[in-house]
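>>> give me a 3D structure for the following:
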Amino acid sequence: MTSFDRAEKFVLLNARLLDRRRFEFLFGAGDASAVVAALEAYRNPDGGYGNALEPDGRGPGSQPVTVLSALNILHEVGASPDGVADYLESISAPDGGVPFVHPNARDYPRAPWWEVPETYEGSLLPTANLVGALWRAGVEHPWVDRAAEFCWPRIEALTATHPYEALACVEFLDHAPDRARAEKAAEHIGTMVRDNGLVRLGGTGIVPPGFAEGELHDPHDYASTPDSLAARWFTSAELEVSLDALVMAQHEDGGWRPKWAIWTPVTEFEWAGVLTVNALRTLEVYGRSTR
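This is a model prediction of the structure:
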């Protein structure tokens, strides 16, 4: 049995319907409409997404990071993110950004790192990710413009960061219309990532305080496609080693697992379905198909 066959079996045994539909669309004869239909179950009347689409947030209410997950899936199948920018505008803070965790999560089970902020203000994570995703989708909306104005000066002024925030900056810069400004900012972020050891190179790196060992990103995490600005941060050899490590991270049962803490049992396999499909997609994009 090939590694791809083992991954397919893992998805069939363990993944949510949504990720089964994603697998069928990306690697089989699945239809985009089936993915969108499965995703629709997580949507709320306010135009956002909740209901544990992002497995670490178990509440029903719409959340910014859950909307980001939905945008990535919609992009994957070529579907339009109708109404999402209106939702983001409705929860926007006065500074133009959105918080990492919306207060509607307060009374529901959630991962310990889903901390509801004491003050309602924008966070670069996930605002930068969301703007990048909407730019990528070709969405023109007043919220996108205001949120971009929130992100640009914060990205350019960063002197310290962590892996997830750096990745959010990459997603923003990869799709920013001002390419010269984006390339300059990406070089700044890349230098910070490498100089501060925020990437696993040669099996080593520096795990920031408050993060698990597994949350130190690899080169392919930052450069999810070969044409990402983050791909310029690494040599071809470094990216190949990173992709080798991704291949080796597949478990004997065929799945890939979360690299962060499991705080309640169901999230391990909900995340594993997501990550298994994502890993196969990354390997395909880099010409390392396991089929």
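>>> drop to CA atoms for contacts and neighbour counts, all remaining ones
OK.
>>> contacts only, for residue 274.
By CA atoms under 8 Å, 6 or more residues apart in numbering, the contact set of residue 274 is 15, 19.
>>> and the strand or helix carrying it, what's buried?
In the assignment (DSSP states H and E), residue 274 maps to helix 266-285. For helix 266-285, a neighbour-count test (16 or more other CA atoms under 10 Å) marks 267-284 as buried.
>>> and stretch 87-97, by the same measure?
87-89, 91-93, 96-97.
>>> what's it in contact with?
46-48, 64, 98-99, 120-124, 127, 143, 146-147, 149-151.
>>> how about the residue nearest to residue 50 when sequence neighbours are not counted, what does it touch?
Spatial nearest neighbour of residue 50, excluding adjacent residues (CA to CA, 6 or more residues apart in numbering): residue 62 at 4.2 Å. With contact set as CA under 8 Å, 6+ apart, residue 62 has these partners: 43-44, 46, 48-51, 102, 104.
>>> any quick ChimeraX command for the buried ones out of those?
Buried residues within those, by 16+ other CA under 10 Å, are selected in ChimeraX with:
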select :43,48,49,50,51,102
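>>> could you dump the contacts of residue 62 to a markdown table with secondary structure, pLDDT and distance to residue 184?
A markdown table is the format used below for these (DSSP: H, G, I helix; E, B strand; the rest coil; pLDDT from 0 to 100; distance: CA to CA, whole Å):
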| residue | secondary structure | pLDDT | distance to residue 184 |
| --- | --- | --- | --- |
| 43 | strand | 98 | 37 |
| 44 | coil | 98 | 38 |
| 46 | coil | 97 | 37 |
| 48 | coil | 98 | 33 |
| 49 | strand | 98 | 34 |
| 50 | coil | 98 | 35 |
| 51 | coil | 98 | 38 |
| 102 | coil | 98 | 32 |
| 104 | helix | 98 | 37 |
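>>> now the contacts of stretch 87-97: which count as buried?
Neighbour-count burial (16+ other CA under 10 Å) applied to the contacts of stretch 87-97 gives 47-48, 64, 98-99, 120-124, 127, 143, 146-147, 150-151.
>>> from the residues you listed, pick the one nearest residue 157.
Of all those, residue 157 sits closest to residue 151, with 10.1 Å by CA to CA.
>>> quick revisit: take the buried ones among the contacts of stretch 87-97 and keep only those in helices.
64, 124, 127, 143, 146-147, 150-151 (DSSP state H).
>>> reformat these as JSON lines; add distance to residue 31.
Below are those laid out as JSON lines (distance: CA to CA, whole Å):
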{"residue": "64", "distance to residue 31": "27"}
{"residue": "124", "distance to residue 31": "34"}
{"residue": "127", "distance to residue 31": "30"}
{"residue": "143", "distance to residue 31": "31"}
{"residue": "146", "distance to residue 31": "35"}
{"residue": "147", "distance to residue 31": "33"}
{"residue": "150", "distance to residue 31": "37"}
{"residue": "151", "distance to residue 31": "35"}
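>>> closest to residue 15 out of those residues?
residue 64 (23.1 Å).
>>> is it true that the closest one touches residue 101?
Yes - at 7.0 Å, residue 64 counts as touching residue 101 under the criterion of CA atoms under 8 Å.
>>> look at residue 158 and report its pLDDT.
If you check residue 158, the pLDDT there is 97.
>>> can you count the residues close to it?
13 (other CA atoms under 10 Å).
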